[in-house]
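Chemist: Sequence plus predicted model, see below.
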Amino acid sequence: MKHLSQEWLAELNLVPLWRQRTAGKDAGATTAPVVAPAPLPATQNNHLQGVHNRGYLPHLKAEGGIYFVTFRLADSLPQSALDELERSAPETRSKQIETYLDAGHGECCLRKPEIAQIVIQALKQFEGERYVLHDWVVMPNHVHLVIEPRGAHALSDILHSLKSYTATEANRSLSRHGAFWQHESYDRLIRGQAEFDRCVQYVRENPVRANLAVAPDQYTYGSAGFVAGKDAGATTGEVVAPASLPALAPDEIAQLDWPQLKHAAATCTACALHAQRTQAVFGVGDEQADWLFVGEAPGAEEDLQGEPFVGQAGKLLDNMLASIELKRGEKVYIANVVKCRPPGNRNPEPAEARACAPYLDRQIELMRPKLIVALGKVAAVRLLGRDASIASLRGQVLDYRGTPLIITYHPAYLLRSLTDKARAWEDLCFARETFQGLTKQASATI
Ligand code: SF4
């Protein structure tokens with residue numbers, strides 16, 4: 001039956017040419033060589049040669065080919081990257097895209113097991129019926145497939161249905177609306193065994209290249225490490241969290257650039273806080289900011305949204321910033337001492353603050369702010385490297401590795417202690433005067 005159906009496919013011109021050419025040599029192939037049909041006019045055999053419109057899906061793709069496909073989350077490429085790609089040479093573009101994607105830009109919500117599972121379940125749903133999945137991987141912000149459509153199922157239809165279903169389900173799970181995937185998918189017709197092998201290897205090793213696993217089979221969101229479900233009736237496998245990776249050493253973190261640093265924090269397992277986080281909360285704002293505000297740790301809302309200081313304390317911080325004519329994101333950066341949420345919103349333990357210190361230190365080194373404001377005792381102790389009360393530290397220009405440092409109360413504390421709000425206002429006025437003094441000093445020395 002196997003070679004009969006292959007002959008039919010060949011007659012219908014639905015077998016990839018490279019398969020027809022290698023059919024006789026392939027150890028697993030039929031003993032009767034498949035006879036390649038007479039070449040069709042160029043207008044009719046486009047599906048074998050691959051009709052590609054600048055690497056993006058044309059409306060129709062015929063069956064019979066094997067495709068390397070990439071689709072990515074809507075926020076996976078920053079506008080600056082898209083602008084840069086627009087200017088770059090077409091032949092280097094796909095490599096640049098992969099580098100950006102592997103740096104883990106955006107929210108990376110495919111890292112969440114429940115979202116990855118939605119995608120994996122959808123992929124498995126019609127495997128064997130509508131397509132053959134030769135290999136696949138669900139990365140934090142994109143998906144790669146080596147896929148062979150079957151029968152009358154066109155690749156564009158398969159991807160359309162897969163992306164729209166998973167977008168709806170993922171948005172529902174995340175309680176949000178809007179674009180989940182980028183509209184375009186990138187696809188390429190695989191033209192021979194060597195290219196097929198390269199694509200499969202590329203897909204399998206993507207998690208290793210992105211530092212998400214030490215070996216392909218340790219990454220469970222990909223075909224190499226996927227663990228099939230134990231339920232005999234299940235059509236899908238059970239998604240298991242990726243195995244822990246060895247933590248980066250502080251001197252390795254100290255060499256990272258912004259995208260690498262974000263990615264390293266997002267996948268960090270250096271302290272126990274990683275086990276319960278929804279995501280690491282890296283920081284928000286202008287990466288070349290003059291002002292850096294440092295809090296202690298993400299809370300429940302921050303853990304869900306991936307941004308520091310949201311909720312009531314965040315609103316108060318925004319009001320505090322506005323009172324000195326500052327705005328979140330404009331020459332202001334906000335970060336925390338630890339990037340992952342401590343359970344029960346407790347303060348981070350000293351060991352957790354120490355484990356996370358290389359990330360904040362590197363953020364400050366890359367940013368080089370003119371002034372740092374520590375919000376609360378945890379941030380003050382961490383940045384000063386010594387214990388002291390907030391009361392004893394207020395009203396002074398202290399020092400963090402050569403950068404002026406001012407201490408005030410944490411907004412969450414101020415929500416509970418209205419009497420200290422007036423003191424916090426004094427601290428902010430003091431910070432603004434200090435900043436103005438620093439700016440004058442700098443322009444006088446130019
Ligand atoms: S809190 Fe910091 S050190 Fe701990 S796991 Fe998160 S990023 Fe890593």
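Modeler: Looks like it came in fine.
Chemist: From here on, just use CA atoms for contacts and neighbour counts.
Modeler: Will do.
Chemist: Show me where the stretch 251-400 of the chain has its strands.
Modeler: 284-285, 291-295, 332-336, 371-375, 398-400 (DSSP state E, counting those that start in this stretch).
Chemist: same question, the stretch 1-150 of the chain
Modeler: Using DSSP E, counting those that start in this stretch, strands in the stretch 1-150 of the chain cover 67-72, 131-138, 142-149.
Chemist: Compare the strands of the stretch 251-400 of the chain and give me the one nearest residue 165.
Modeler: strand 284-285 (31.0 Å; CA to CA).
Chemist: Which neighbours in the sheet does that closest one have, and how are they oriented?
Modeler: Looking at strand 284-285 with DSSP bridges, its partner strands are strand 332-336 (antiparallel).
Chemist: Just the angle for the partner strand relative to strand 371-375, thanks.
Modeler: Relative orientation of strand 332-336 versus strand 371-375 (axes from the mean of the first three to the mean of the last three CA atoms, to 10 degrees): 40 degrees.
Chemist: Which positions in strand 332-336 come out as buried?
Modeler: In terms of neighbour count (16 or more other CA atoms under 10 Å), strand 332-336 has its buried residues at 332-336.
Chemist: what does that strand contact?
Modeler: By CA atoms under 8 Å, 6 or more residues apart in numbering, the residues outside strand 332-336 that reach it are 282-287, 289-298, 308, 326, 328, 360, 379.
Chemist: Among these, the buried ones, what's the PyMOL command?
Modeler: One line in PyMOL is enough to select the buried ones among those; burial here means 16+ other CA under 10 Å:
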select buried, resi 282+283+284+285+286+287+289+290+291+292+293+294+295+296+297+298+308+326+328+360+379
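Chemist: so what's residue 334 scoring on pLDDT?
Modeler: According to the prediction, residue 334 has pLDDT 97.
Chemist: Who does the closest residue to it other than its chain neighbours form a beta bridge with?
Modeler: Leaving aside its sequence neighbours, residue 334 sits nearest to residue 293 (CA to CA, 6 or more residues apart in numbering; 4.9 Å). For residue 293, the beta-bridge partners are residue 334, residue 373 (DSSP bridges).
Chemist: from memory residue 293 sits against residue 379, does it?
Modeler: No. Contact criterion CA atoms under 8 Å: residue 293 and residue 379 do not qualify, at 9.4 Å.
Chemist: Show residues contacting the host helix or strand of residue 427.
Modeler: Assigning secondary structure by DSSP states H and E places residue 427 in helix 421-445. When contacts are defined by CA under 8 Å, 6+ apart, helix 421-445 is touched by residues 320, 324, 370-371, 373, 394-395, 397, 406-409, 414.
Chemist: how about 10 Å then?
Modeler: For helix 421-445, contacts defined as CA atoms under 10 Å, 6 or more residues apart in numbering pick out 290-291, 320-321, 323-326, 370-373, 375, 391, 394-397, 404-411, 413-415, 418, 420.
Chemist: can you give me the angle that helix makes with strand 291-295?
Modeler: In terms of direction (the same axes, to 10 degrees), helix 421-445 departs from strand 291-295 by 150 degrees.
Chemist: what about helix 421-445, average pLDDT?
Modeler: Taken as a whole, helix 421-445 has an average pLDDT of 90.
Chemist: Could you list the buried residues of that helix?
Modeler: Neighbour-count burial for helix 421-445, counted by 16+ other CA under 10 Å, picks out 421, 423-425, 427-428, 430-432, 434-435.
Chemist: okay, the residues you listed in a markdown table with distance to the ligand next?
Modeler: Listed next are the buried residues of helix 421-445 as a markdown table, based on distance: CA to the nearest ligand atom, whole Å:
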| residue | distance to the ligand |
| --- | --- |
| 421 | 29 |
| 423 | 30 |
| 424 | 27 |
| 425 | 30 |
| 427 | 28 |
| 428 | 28 |
| 430 | 31 |
| 431 | 28 |
| 432 | 30 |
| 434 | 31 |
| 435 | 29 |
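Chemist: ok, residue 387 touching residue 378?
Modeler: Yes. Using CA atoms under 10 Å, residue 387 makes contact with residue 378 at a distance of 9.1 Å.
Chemist: Show the end-to-end separation of stretch 74-81, please.
Modeler: With CA to CA, to the nearest Å as the measure, the first residue of stretch 74-81 is 13 Å from its last.
Chemist: list the helices and strands the host helix or strand of residue 207 packs on?
Modeler: Per DSSP H and E, residue 207 falls inside helix 193-209. In terms of contacts (3 or more CA pairs under 10 Å, 6 or more residues apart in numbering; DSSP states H and E), helix 193-209 is packed against helix 17-22, strand 67-72, helix 90-102, strand 131-138, strand 142-149.
Chemist: 8 Å instead?
Modeler: Applying 3 or more CA pairs under 8 Å, 6 or more residues apart in numbering; DSSP states H and E, we find helix 193-209 packed against strand 131-138, strand 142-149.
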